[in-house]
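> The sequence isn't on hand, but the structure is:
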């Protein structure tokens, strides 16, 4: 097989299995932005509190929790098979988001 064919095969294999992604969610004005995020196991998601009040990022089913995040703090989650689902701020129950398995 020539060098060009090996490069083509490598390129095809590389695009078929994307690696883990890093995603960011801003906490601003009592919202999570984006509120809906597609994730796969191995991805990391970082929530950054850019609001003036503290918040939490808590999985509704209690599988994960950031604990209290003061303004300027962040929380990073490595997505596992059981991570997707709804989440909320424990202090502001109308603040909700969802991690959707892709």
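It's in. Please read all numbers here as calculations on a predicted model, not as lab measurements.

> Let's verify the residue positioned nearest the centre of the chain: helix, strand, or coil?
For the chain, the residue sitting closest to the mean C-alpha position, by CA atoms, centre = their mean, is residue 45 at 2.8 Å. Assigned by DSSP: H, G, I helix; E, B strand; the rest coil, the conformation of residue 45 is strand.

> Contacts only, for it.
Taking CB atoms under 8 Å, 6 or more residues apart in numbering as the contact definition, residue 45 lies against 22, 23, 24, 25, 37, 39, 76, 77, 79, 99. In short, each C-beta sits where N, CA and C put it, glycine included.

> so residue 88 bridges to which residues?
In this entry, residue 88 is beta-bridged to residue 58, residue 96, by DSSP bridges.

> Now do the contacts for the closest residue in space to residue 42 that isn't next to it in sequence.
With CB to CB, 6 or more residues apart in numbering as the criterion, residue 42 has its nearest non-adjacent residue at 3.8 Å, and that residue is residue 20. The contact partners of residue 20, taken as CB under 8 Å, 6+ apart, are 40, 42, 43, 44.

> Which one (most neighbours) among the residues you listed?
Counting neighbours by other CB atoms under 10 Å, the top entry in the contacts of residue 20 is residue 43, with 21 neighbours.

> Touching, that one and residue 79? I think so.
Yes. Using CB atoms under 8 Å, residue 43 makes contact with residue 79 at a distance of 4.5 Å.
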